[in-house]
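Enquirer: Provided below for reference: sequence and predicted model.
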Amino acid sequence: MAPTNNPKTNLIRGAAWTIGTRWLIKGLGFINTVIMARLLMPEDYGIVAMGMLVVGLIQTLLDFGPATALLRKAEVSRDEIDSAWTLGILQGLGAGLVLLLALPLALDYFNGPRLTFVLLALAASVAFISFSNIGQVLARKAFIYTLDFKIATLTKIASVVTTVVAGILLRDYRALVIGIIAGYTVPVFLSYWWHPYRPRWNTSKIGEIWALTKWLMVARVGQFILRKGDEFVAGRIGTTAQFGLYNVGSDFGQMPVGEIGPAMLKALLPVLSSLEGQLERTNQAVIKTIAAVNTVIWPIGLGFMAIAAQATEIALGGKWLAAVPFVSIFALVSVLQTTTSPANTLLILHGHTRSQSQIVWIEFASFVAAAIALVPGFHLIGLALARIISSAASSCVTLLYTKKICRLPITPILKTIARPLAGAVLMYALVMYLQGMIDAPMPRLAAAILSGAAFFMLWSLASWHLTGRPEGLESTIMDKLTQWRMSSAKP
């Protein structure tokens, strides 16, 4: 489907494609998790998660943001495109080399000799995927999201099949590593197969890209340390099995919101860049996006908190029930992290990456303070609770920064957040009450999901009417229904 000149339509279409892609991918990943969680033990997941932490840190330290540099500009030249591709290769090769050099330190820190195979395999994979075709970014910039859909879907299928087959044959952590290697390898070939652009080695614009994204890199480093710093601590103070529970509980708890929230925002930066110079329209688009995102993430996040125990047992099996507290806490963390994300995108659009970096490090400081207070008494649970506190602090600081720098008003944003938040809290209370009345596990889970969904939809419609039908997800849906009825009524 061809892109349009309507920013709202492009944003909705982009969000729909990316949400569909991510949920299909997550559905395949969920099938993979259900199977592998029964084949492997928590310590197998723990050892691979430790390796991925090291890889993630090094990749983040060397991520100069070439894709973001292209997406935030309305027009880009061939030199800029090829320089972004070249920079991506340089950072990928650099990350692979640093991984090899960091191997002894990682083995000593995590006290896990099995990390050797994990890190050697991932070092090669990180270097290889850096050669992917920059055409994927160009397609996204042109609001063509089918390419991402096809590449992501086929890659995930290959990764899942490889992981499951290896799991059946090996029955240990190596199966997970082999699946990860497939996930890093397949998209490189597909990116050249399905996009005609052929990048060339070019370093002429690397300096300009660096000048544009250097503070964004600092922000990304802070974001990674903040998002994964608790896991570095957990991997050090807990056993491999305990860390496996923490890591899987964190991933599983953040899965519902983590897969739909960022997908709704993926199309926002290209859309805002098309409104460059129109301050009022840009800010209105951000507020509407915040309204739509929060209408979705609050009921999903709090609803998943309410059914965490049943969902964990059904998806992962009884041996993973010790992860339930982490699942519940990180379901809330994922909501708080996404609540004001559109405002962060606005800072990127206007080039205020230094301010974004400051926000991240303020959040990190609040996490450290909370962890120091909570870990001695609550151990790994204290780390998770510290993430809740720091995520809430980040949302507040983000709004203050965007008001000061981008003149984004806070009051309308708070109103858009308050309505779904109140509905989600009431929904959570209703679901917890109903679950206490039903003993059978499957009927209890079904009743919780159906009653929660029905209540929140009724709440959304009623509160939307009572508050004067403000712009947001409800108004967008109603507009589309009106258009559909009008087009259906035409002879």
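Expert: In hand now; what should we look at? Note that the structure is predicted; figures quoted are calculated from it, not measured. Numbering: from 1, shown residues only.

Enquirer: for the stretch 51-200 of the chain, which spans come out with low pLDDT?
Expert: Within the stretch 51-200 of the chain, the stretches with pLDDT under 70 are 64.

Enquirer: in what helix or strand does the closest residue in space to residue 367 that isn't next to it in sequence lie?
Expert: In space, residue 367 comes closest to residue 390 once its chain neighbours are excluded; the distance is 3.6 Å by CB to CB, 6 or more residues apart in numbering. Quick note: C-beta positions are derived from backbone N, CA and C, even for glycine. Taking DSSP states H and E as the definition, one finds residue 390 inside helix 380-406.

Enquirer: one step back: for burial, what's the neighbour tally of the residue nearest to residue 367?
Expert: Close neighbours of residue 390, defined as other CB atoms under 10 Å, add up to 26.

Enquirer: Report the contact partners of it.
Expert: Residue 390 is in contact with 226, 363-364, 366-367, 370, counting by CB atoms under 8 Å, 6 or more residues apart in numbering.

Enquirer: Redo those residues as CSV? Include distance to residue 397, pLDDT and neighbour count.
Expert: As requested, those are arranged in CSV below (distance: CB to CB, whole Å; pLDDT from 0 to 100; neighbours: other CB atoms under 10 Å):
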residue, distance to residue 397, pLDDT, neighbour count
226, 13, 71, 23
363, 7, 90, 26
364, 11, 88, 19
366, 9, 95, 20
367, 13, 93, 24
370, 15, 96, 19
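
Enquirer: So which of those residues are in helices?
Expert: Counting by DSSP state H, the contacts of residue 390 place 226, 363-364, 366-367, 370 in helices.

Enquirer: Can you lay out the residues you listed as JSON lines showing distance to residue 196?
Expert: Shown next, in JSON lines, are the ones in helices among the contacts of residue 390 (distance: CB to CB, whole Å):
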{"residue": "226", "distance to residue 196": "39"}
{"residue": "363", "distance to residue 196": "41"}
{"residue": "364", "distance to residue 196": "42"}
{"residue": "366", "distance to residue 196": "47"}
{"residue": "367", "distance to residue 196": "45"}
{"residue": "370", "distance to residue 196": "50"}
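
Enquirer: Would you map the helices across the stretch 151-300 of the chain?
Expert: Using DSSP state H, counting those that start in this stretch, the helices found in the stretch 151-300 of the chain span residues 174-194, 206-237, 240-265, 268-273, 279-306.

Enquirer: out of the ones you listed, nearest to residue 353?
Expert: Closest to residue 353 of the helices of the stretch 151-300 of the chain, according to CB to CB: helix 206-237, at 3.6 Å.

Enquirer: Next, the angle from the closest one to helix 240-265.
Expert: Orientation check (axes from the mean of the first three to the mean of the last three CA atoms, to 10 degrees): helix 206-237 against helix 240-265 gives 140 degrees.

Enquirer: Run the angle between helix 206-237 and helix 380-406 for me.
Expert: 160 degrees.

Enquirer: Who are the packing partners of helix 206-237?
Expert: If contacts are counted by 3 or more CB pairs under 8 Å, 6 or more residues apart in numbering; DSSP states H and E, helix 206-237 sits against helix 42-61, helix 66-71, helix 78-110, helix 240-265, helix 353-378, helix 380-406.

Enquirer: What average pLDDT does stretch 23-35 get?
Expert: For stretch 23-35, the mean pLDDT works out to 80.

Enquirer: relative to helix 353-378, how tilted is the helix holding residue 390?
Expert: Between helix 380-406 and helix 353-378, the angle comes out at 160 degrees (the same axes, to 10 degrees).

Enquirer: So which bits of the helix or strand harbouring residue 148 are buried?
Expert: Here residue 148 sits within helix 146-170, counting by DSSP H and E. Across helix 146-170, burial judged by 16 or more other CB atoms under 10 Å covers 147-149, 151-156, 158-160, 162-164, 166-167, 170.

Enquirer: and if you look at stretch 94-105?
Expert: Using 16+ other CB under 10 Å as the test for burial, stretch 94-105 gives 94-96, 98-99, 102-103.

Enquirer: ok, now stretch 281-289?
Expert: Buried residues in stretch 281-289, counting neighbours by 16+ other CB under 10 Å, are found at 282-283, 285-289.

Enquirer: Reformat those residues as JSON lines; add pLDDT and distance to residue 57.
Expert: Output for the buried residues of stretch 281-289, formatted as JSON lines (pLDDT from 0 to 100; distance: CB to CB, whole Å):
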{"residue": "282", "pLDDT": "80", "distance to residue 57": "34"}
{"residue": "283", "pLDDT": "82", "distance to residue 57": "35"}
{"residue": "285", "pLDDT": "82", "distance to residue 57": "34"}
{"residue": "286", "pLDDT": "85", "distance to residue 57": "31"}
{"residue": "287", "pLDDT": "87", "distance to residue 57": "35"}
{"residue": "288", "pLDDT": "85", "distance to residue 57": "35"}
{"residue": "289", "pLDDT": "84", "distance to residue 57": "30"}
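
Enquirer: quick check: mean pLDDT across the helix or strand that comes right after the helix holding residue 390?
Expert: Per DSSP H and E, the first helix or strand lying C-terminal to helix 380-406 is helix 410-435. On average, the pLDDT along helix 410-435 is 93.

Enquirer: buried sites along helix 410-435?
Expert: Using 16+ other CB under 10 Å as the test for burial, helix 410-435 gives 412-413, 416-417, 419-421, 423-424, 427-428, 430-431, 434-435.

Enquirer: for the very next helix or strand once past that helix, packing partners?
Expert: Note on helix 410-435: by DSSP H and E, the next helix or strand toward the C-terminus is helix 441-466. Counting contacts by 3+ CB pairs under 8 Å, 6+ apart, helix 441-466 packs against helix 279-306, helix 308-316, helix 410-435, helix 473-489.
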